[in-house]
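S.K.: coordinates only, no sequence provided:
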């Protein structure tokens, strides 16, 4: 695709040489400048036309001095092209009038000294007028330019202020730089940030698929080394991209340091046409004492705008990175707080059943206690209940350690989800958790085998069903649906209750560790708040994600909750079957597929 | 199946002990568990002995001739799986494994080494008693020629005529389905691992096709079970295998398992 010219990165110890070589190499290639031709051509043409007009007028009128007409051309040139074309036109007008209209005609000399004075006056007037007019024009230009510049910078700061997170900020900044500087030949732009080890990483690149953007993605070691150089030394480096198809149309790229204070926070990578050289190489070097905004007068206004952009972007990045660190620290603190609360409640939860067990056994073992059979029975059943509670707590602690360590990689085998659902329902029924509430099971008979870790998916289903039980009235039904999509690529399981539901703002938060819906009133649980640790759904989500699936909640407060989870079904689902044995007259061919009924 | 009264199964038939009570050996190194199990079993009129180590357990099996062995897998001197292997070398005494290990692999290894059943701690005494009774009945059955008619709940298998009826109505099974059901019926109440069932019905080359077995059993359930999505006869032991409902199970009872439930 592209060929890097060889001048790019000199040995790491001579950055100064590099800049010089870049400049001369580029200057040679980019010396064609069409604009002066136009300006001085206009001067020549304007004077010529005026001369013809004067000649035409003089042919029908008595000879008068019409040299003043040239002032119109001078004025127009001063307004349109500035000082030097106007000066050129003044001199040309002086010579043309002398040559064509002052006797002796067609010669440089003049007979009448009065003509000398009059023409000199013309020249002086034209020169002064041109100077004044072009000065006014330059000032108006400056005003307009600084207004544009201010508006552009303001828009940039608006953009920075309104973009919340780092990644979208980077994308927005890159897009903005590209729009503003595309008139200077920029065709691609990226922001490179150091990762934790200090290696440059292209974080945002626009447009991603452009050929000129290729070097900015830091795909080759050479470009990586250049970006690293800029990151470490704070000096710009650049190179050539020469597309083989169009040998003449060289393109350039540069890595520009983004410095906030003394720190290099990142690198702005830009690529584009040869005109980029003018834009980038006027940028102040990092060791320049002069602030970038106080642009040197001879600098291209776009260059000083780019310098201002770099400064703004660097500040924004610096701030965003600090903010990210602060958010991370805050998240850690919040996690610690929740964990403390959890451990506190676990300690309390562990002590309570232990206390009731020891007090019950104390009474039962006391040889002097006068206990009726009913008393004994009551004490024993309280031991029983407490032990069951302890068992649940141990389960929760296991959950926590599992979650902290990360869910174990699923040991997948091919299962029918119906078998797993039946197992979980049987277990909950046996534990008395379902009471006499109706369970509506909706699963097609021909569901395919799906790869899963049955113990993990059992846990997911258990957690979801227990939640459904906990957060809905005791006699309200629970609906379990299992289905596959038409392309047989996903198995979806839905557990729906008709309980209190989940407020819309908390639908995704419920899958976070330790999160529990606040201020729940469950009238069917007299006085006791729902037990639990806020881990069940977090574990379920971790398990489903470890299976490559996804989980989400749908709910309307007061109208119940539906938790959906999806397990992917790979293409290589076993579709054979066990063979039929022996003589089976009516059923000689074996079952055709594993999924048919 | 005879006398069910007083939770005292088969006592008259089960054994050659002088007291007429079935002997249960508990091999477990935790004294608390040993004592609790001993008390519970003695309360159900079993004669109970306790061995705290593997060596002691193996010795007692050979000297005391228990009718059922309750075996913990984590013992101080020898892995419980080795104990199963050792005992199976010379005795057919039913072994019920009792363990805190919840992993499928452990249960499967124990069953394939010859253990008859397993129970995961924590367990309830009622569950343990039920498993002991199944084990006793089964050892009795294999000692005497099996009855030609097997019934559990509404399901009946006539092994002579090769017919199956559910609530009196005949169910048409393919020969393969019948073989599967028959194998499970001969081991009714016991867990049969996927491998064992595949090997017994289809042959060793099908040992690893447990996923096809799941589909196959699903089809069988649709013929047999009143509600195939909530099986009451052909029970799944998740990850391990299948268990046909024991004939003396009180009501159609779901299987139990051990994963602790968790809260939100």
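M.R.: Noted; the coordinates are in hand. What you see is a predicted model; the values in this text were computed from it and never measured.
S.K.: what about the helices in chain A?
M.R.: Taking DSSP state H as the test, the helices found in chain A are A:15-29, A:35-60, A:70-81, A:83-101, A:113-162, A:166-181, A:221-233, A:276-281, A:301-365, A:373-405, A:417-430, A:454-470, A:536-546.
S.K.: isn't residue A:138 up against residue A:81?
M.R.: No: if you go by Cβ atoms under 8 Å, residue A:138 and residue A:81 don't touch, sitting 11.3 Å apart. For the C-beta atoms, the positions are set from N, CA and C on the backbone; glycine is no exception.
S.K.: which of these two has more residues huddled nearby?
M.R.: residue A:81 (21 against 12; other Cβ atoms under 10 Å in any protein chain shown).
S.K.: do I have it right that that one meets residue A:36?
M.R.: No: using Cβ under 8 Å, residue A:81 is not in contact with residue A:36, being 9.3 Å away.
S.K.: list the contacts of residue A:184.
M.R.: By Cβ atoms under 8 Å, 6 or more residues apart in numbering or on different chains, residue A:184 lies in contact with A:272, A:275-276, A:278-279, A:302.
S.K.: now the buried members of those residues.
M.R.: The neighbour-count test (16 or more other Cβ atoms under 10 Å in any protein chain shown) marks A:272, A:275-276, A:278-279, A:302 as buried among these.
S.K.: what is the least confident helix or strand in the chain?
M.R.: Chain wasn't specified; assuming chain A. Least confident helix or strand, chain A: strand A:2-4 with a mean of 40, by mean pLDDT, DSSP states H and E.
S.K.: ah, I was thinking of chain B
M.R.: Per-SSE averages on chain B (mean pLDDT, DSSP H and E): minimum helix B:125-143, a mean of 79.
S.K.: pLDDT score assigned to residue 219?
M.R.: In the absence of a named chain, chain A is used. On pLDDT, residue A:219 comes in at 77.
S.K.: ah, I was thinking of chain B
M.R.: 90.
S.K.: equivalent analysis for residue A:288, please.
M.R.: pLDDT at residue A:288 comes out at 50.
S.K.: equivalent analysis for residue B:182, please.
M.R.: Reported pLDDT for residue B:182: 90.
S.K.: and the gap between it and residue B:174?
M.R.: Counting by Cβ to Cβ, to the nearest Å, the gap from residue B:182 to residue B:174 is 13 Å.
S.K.: neighbouring contacts of stretch A:378-387?
M.R.: Stretch A:378-387 is contacted from outside by A:352-354, A:356-357, A:360-361, A:363-364, A:371, B:122, using Cβ under 8 Å, 6+ apart.
S.K.: and the most centrally placed residue in chain B, how far from residue B:114?
M.R.: The centroid of chain B falls nearest to residue B:190 when counting by Cα atoms, centre = their mean (2.8 Å). Distance, residue B:190 to residue B:114, using Cβ to Cβ: 12 Å.
S.K.: next: residue A:355.
M.R.: In this view, residue A:355 and residue B:114 are 44 Å apart by Cβ to Cβ.
S.K.: what does residue A:207 give?
M.R.: Per Cβ to Cβ, residue A:207 is found 69 Å from residue B:114.
S.K.: also residue B:70?
M.R.: With Cβ to Cβ as the criterion, residue B:70 and residue B:114 are 15 Å apart.
S.K.: so which of the two has more stuff around it?
M.R.: Neighbour count, other Cβ under 10 Å: between residue B:70 and residue B:114, residue B:70 has more, with 29 against 15.
S.K.: after the strand or helix carrying that one, next one along is what?
M.R.: According to DSSP states H and E, residue B:70 maps onto strand B:68-72. Taking DSSP H and E as the definition, the helix or strand that follows strand B:68-72 towards the C-terminus is helix B:80-88.
S.K.: neighbours of residue A:59, just the number please.
M.R.: Residues near residue A:59, counting by other Cβ under 10 Å, number 7.
S.K.: roughly how far apart are it and chain B?
M.R.: Note on residue A:59: its distance to chain B, by Cβ to the nearest Cβ, to the nearest Å, is 104 Å.
S.K.: residue contacts, residue 193?
M.R.: Defaulting to chain A. By Cβ under 8 Å, 6+ apart, the contact list for residue A:193 reads A:170, A:200-201, A:203, A:265-267, A:317.
S.K.: that was the other one, I meant chain B.
M.R.: Taking Cβ under 8 Å, 6+ apart as the test, what residue B:193 contacts is B:108, B:111-112, B:240-241.
S.K.: drop anything exposed from those residues.
M.R.: Buried members of the contacts of residue B:193, counted by 16+ other Cβ under 10 Å: B:108, B:111, B:240-241.
S.K.: tell me the phi and psi of the nearest residue to residue A:557 once chain neighbours are set aside?
M.R.: The shortest distance from residue A:557 to any non-neighbouring residue, by Cβ to Cβ, 6 or more residues apart in numbering or on different chains, is to residue A:501 (4.2 Å). The phi and psi values for residue A:501, taken as degrees, to the nearest 10, are phi 80, psi -180.
S.K.: any idea how far residue A:501 is from residue A:512?
M.R.: 18 Å.
S.K.: need the per-residue pLDDT for residue 52.
M.R.: If you meant another chain, say so; for now it's chain A. 91.
S.K.: meant chain B actually
M.R.: On the pLDDT scale, residue B:52 is placed at 91.
S.K.: now residue B:257
M.R.: So, for residue B:257, pLDDT stands at 36.
S.K.: now do the contacts for residue A:133.
M.R.: Contacts for residue A:133 (Cβ under 8 Å, 6+ apart) come out as A:75, A:78-79, A:86.
S.K.: thinking again about what came up before, wait, doesn't the residue nearest to residue A:557 sit right on residue A:560?
M.R.: Yes: here residue A:501 lies in contact with residue A:560, judged by Cβ under 8 Å, at a distance of 5.7 Å.
S.K.: and the closest residue to residue A:349 other than its chain neighbours, what does it touch?
M.R.: Of all residues not flanking residue A:349 in the chain, residue A:393 sits nearest, at 5.5 Å (Cβ to Cβ, 6+ apart). Residues in contact with residue A:393 (Cβ under 8 Å, 6+ apart) are A:346, A:349-350, A:353.
S.K.: count the neighbours of residue A:63 for me.
M.R.: Counted with other Cβ under 10 Å, the neighbours of residue A:63 add up to 8.
S.K.: just to revisit the earlier point, which among the contacts of residue A:393 count as buried?
M.R.: Buried among the contacts of residue A:393 by 16+ other Cβ under 10 Å: A:349, A:353.
S.K.: between the contacts of residue A:133, which sits nearest chain B?
M.R.: Of all the contacts of residue A:133, chain B sits closest to residue A:79, with 77.5 Å by Cβ to the nearest Cβ.
S.K.: including secondary structure and distance to residue B:63, could the contacts of residue B:193 go into TSV?
M.R.: Formatted as TSV, the contacts of residue B:193 follow (DSSP: H, G, I helix; E, B strand; the rest coil; distance: Cβ to Cβ, whole Å):
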residue	secondary structure	distance to residue B:63
B:108	helix	31
B:111	helix	26
B:112	helix	27
B:240	coil	32
B:241	strand	33
